[in-house]
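**Student:** build the 3D model from these lines:
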Amino acid sequence: QVLGVDQSFEGKRKALQLAEKENVTITYQLADLLEIELPANSFDAVGCIYFHLPPTIVKPIFEKLSASLQTGGCFIIEVFNKTQIHHKSGGPKDIDMLYSAEFIRELLPNYKFIELYETEVMLNEGSGIGRVPE
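**Tutor:** You can find the predicted model right below:
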């Protein structure tokens, strides 16, 4: 069972389109994460993909998401790092909405990290595929 939450109708459309293509069903809500009720200790995994927040709300939202995760669950994050500010492609244009590995550690101080690194990838948003450049 999958719950998707986003404020973007376009994000919802793309997610439902991909789910249909892959023959899976997801529940998808257009909502503000500051206001949505998430049941505590209920998810096996939480994924935040290109999930960039203003500095004033990033900590409370990550705390809410962490509280919804079961003990032993996985928190999966893929975001633009601060070097993205120098590129014309995608991502926030406000450096305070970009992340570093150190900042992720600060947001999730009680987590054991399986992988945490910064790298450069080539994105092809049309295909949904990213790859590390050779």
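
**Student:** show me the shaky parts of the protein.
**Tutor:** 125-134 (pLDDT under 70).

**Student:** nearest residue to the middle of it?
**Tutor:** The residue lying closest to the centre of the chain (CA atoms, centre = their mean) is residue 48, at 1.4 Å.

**Student:** partners of the helix or strand where that residue lies in the sheet?
**Tutor:** Here residue 48 sits within strand 43-49, counting by DSSP states H and E. The strands beside strand 43-49 in its sheet (DSSP bridges) come out as strand 69-78 (parallel).

**Student:** how long is stretch 36-56 end to end?
**Tutor:** One end of stretch 36-56 sits 17 Å from the other (CA to CA, to the nearest Å).

**Student:** for that stretch, what is the distance to the chain centroid?
**Tutor:** Relative to the centre of its chain, stretch 36-56 is centred 7 Å away, using CA atoms, centre = their mean, to the nearest Å.

**Student:** one more: stretch 62-74?
**Tutor:** For stretch 62-74 - counting by CA atoms, centre = their mean - the centre lies 13 Å from the chain centre.

**Student:** show me where this structure has helices.
**Tutor:** Using DSSP state H, the helices of the chain run over residues 9-21, 55-68, 101-107.

**Student:** can I get these in CSV with distance to residue 114 and mean neighbour count?
**Tutor:** All C-beta atoms are positioned from the backbone trio N, CA, C, and that covers glycine. Below are the helices of the chain laid out as CSV (distance: least, CB to CB, whole Å; neighbours: other CB atoms under 10 Å):
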stretch, distance to residue 114, mean neighbour count
helix 9-21, 25, 13
helix 55-68, 16, 15
helix 101-107, 13, 14
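
**Student:** quick one: those as TSV, columns for distance to residue 36 too.
**Tutor:** As requested, the helices of the chain are arranged in TSV below (distance: least, CB to CB, whole Å):
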stretch	distance to residue 36
helix 9-21	14
helix 55-68	8
helix 101-107	19
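
**Student:** of all the ones you listed, which one comes closest to residue 33?
**Tutor:** Smallest distance to residue 33 across those (CB to CB): 5.0 Å, for helix 55-68.
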